[in-house]
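Sequence unavailable; structure follows:
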């Protein structure tokens, strides 16, 4: 009976946590930094310095590595050429950034974008606003202590179409401050109440499916003939698909949302301490069969290890990979391949 109640509770936990993960807010942040400019030799400028303010917004969904960042910068370009004065730049633009990894630790990123630069020069008649393009790379640190603030640094090449065109290199360092709306953690799933079993007397009691469990105590009254059943009269081998448990592309690294789902599953599994299960990993048919087999085994092992780290007894869980050998959908379509890339919990 405990296995059947466990199955219902686990399905509830998976559905609730997956739905909440889909509703997770998109990340937003602001950045403040100072920068140093190694100017194009054709500018007759020694160096430049200034500061920048940016605001970033995650695109698509809470697992997306793609961000849109708007940036405003002001730069003073210093010159020691006799007869020339220093001049200034004011920059406004947009960058499309791609961040690698799960963003919980040191995170590298690439970006590409453009906008407009106002060059304030001497004489004033040469002042102009021209387009620019830039590309670069950077790093964002893990949160500092109990704060959510992170360190951020980047280097970029900027091509400015002012006059004949100039190419400058700019290095920046500063802070990134998250401004994402916080979402309270979901409450733990409430196990369904144990069914109220009515004892019928006197015996003998009817057993319609012949599985050895009298009908009043049989929760699965149409069990196939010769099927091995548990004490509740249900077939052993219930299989639960862990929807929402996904991995980063071509790897066994869990996504942030998958970790949240597994946290809830671990609490449910620990509540039913008599239940044992196998973590089964599956893949689609793209790529070499041997590689798919190895990847499915590695992913199943990662899920098992994660649940053990969250408190589930290690002797209650095993892990196995089945590669592309057990499809549940057509591998010739993208939708079918996505369904085949799955992780299951097989109750024993």
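Cool, got the structure. None of these values were measured; they are calculated from a predicted model. Numbering: from 1, shown residues only.

Going by C-alpha atoms from here, please, whenever you check contacts or count neighbours.
OK.

And the lowest mean pLDDT element among the helices and strands of this protein?
Sorting the helices and strands of the chain by mean pLDDT, DSSP states H and E puts helix 2-22 at the bottom, at a mean of 54.

In its sheet, which strands sit next to the next helix or strand after that one, and in what direction?
Per DSSP states H and E, the first helix or strand lying C-terminal to helix 2-22 is strand 28-38. According to DSSP bridges, strand 28-38 forms sheet pairs with strand 47-58 (antiparallel), strand 166-178 (antiparallel).

got those as CSV, with mean pLDDT columns?
Output for the strands paired with strand 28-38, formatted as CSV (pLDDT from 0 to 100):
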stretch, mean pLDDT
strand 47-58, 94
strand 166-178, 94
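
does residue 336 sit in a helix, a strand or a coil?
helix (DSSP: H, G, I helix; E, B strand; the rest coil).

Now do the same for it: its pLDDT.
You'll see residue 336 listed with a pLDDT of 86.

so what's it up against?
Neighbouring residues of residue 336 by CA atoms under 8 Å, 6 or more residues apart in numbering: 328-330.

what about 7 Å?
With contact set as CA atoms under 7 Å, 6 or more residues apart in numbering, residue 336 has these partners: 329-330.

Residue 303 and residue 100: what is the separation?
As judged by CA to CA, to the nearest Å, residue 303 and residue 100 stand 21 Å apart.

Tell me which of these two has more neighbours.
Neighbour tally, residue 303 and residue 100, criterion other CA atoms under 10 Å: the higher count belongs to residue 303, 23 against 13.

element containing the more buried one?
According to DSSP H and E, residue 303 maps onto helix 289-309.

Going by contacts, tell me the helices and strands next to that helix.
On a contact count with 3 or more CA pairs under 7 Å, 6 or more residues apart in numbering; DSSP states H and E, helix 289-309 meets strand 277-281, strand 317-321.

quick one: average pLDDT of the last one?
The average pLDDT within strand 317-321 is 91.

re the thing from before, include distance to residue 157 when you put the helices and strands packed on helix 289-309 into CSV, please.
Converted to CSV, the helices and strands packed on helix 289-309 look like this (distance: least, CA to CA, whole Å):
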stretch, distance to residue 157
strand 277-281, 44
strand 317-321, 46
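
Please work out which of these is packed deepest.
Highest mean neighbour count of these: strand 277-281, a mean of 24 (counted as mean count of other CA atoms under 10 Å).

Show me the contact partners of that strand.
Strand 277-281 is contacted from outside by 296-297, 299-300, 304, 316-322, 342-348, using CA under 7 Å, 6+ apart.

Figure out the helix or strand that the closest residue to residue 312 other than its chain neighbours lives in.
In space, and not counting its chain neighbours, residue 312 is closest to residue 270: 5.6 Å by CA to CA, 6 or more residues apart in numbering. Here residue 270 sits within helix 256-271, counting by DSSP H and E.

out of the strands paired with strand 28-38, nearest to residue 285?
Smallest distance to residue 285 across the strands paired with strand 28-38 (CA to CA): 31.6 Å, for strand 47-58.

Buried by neighbour count, from the contacts of strand 277-281: which ones?
Burial by neighbour count, judged by 16 or more other CA atoms under 10 Å, picks out 296-297, 299-300, 304, 316-322, 342-348 from these.

Near residue 50, how many other residues are there?
Neighbourhood size, residue 50 [other CA under 10 Å]: 19.

and the closest residue to it other than its chain neighbours, backbone torsions?
In space, and not counting its chain neighbours, residue 50 is closest to residue 75: 4.3 Å by CA to CA, 6+ apart. Main-chain dihedrals, residue 75, degrees, to the nearest 10: phi -130, psi 140.

tell me the contacts of residue 75?
Contacts for residue 75 (CA under 7 Å, 6+ apart) come out as 48-51, 88-90.

what about 6 Å?
49-50, 88-89 (CA atoms under 6 Å, 6 or more residues apart in numbering).

One more: residue 343?
Counted by CA under 6 Å, 6+ apart, residue 343 has contacts 242, 280-281.

if we go to 10 Å?
240-246, 279-283, 296, 299-300, 303, 321 (CA atoms under 10 Å, 6 or more residues apart in numbering).

Hmm, residue 58 and residue 26 touching each other?
Yes - counting by CA atoms under 10 Å, residue 58 is a contact partner of residue 26 at 5.5 Å.

Neighbour count for those two, which is higher?
Under the neighbour definition other CA under 10 Å, residue 26 and residue 58 were set side by side, and residue 58 has more, 21 against 16.

so the closest residue to the more buried one other than its chain neighbours bridges to which residues?
Spatial nearest neighbour of residue 58, excluding adjacent residues (CA to CA, 6+ apart): residue 67 at 4.4 Å. Counting by DSSP bridges, residue 67 is bridged to residue 58, residue 97.
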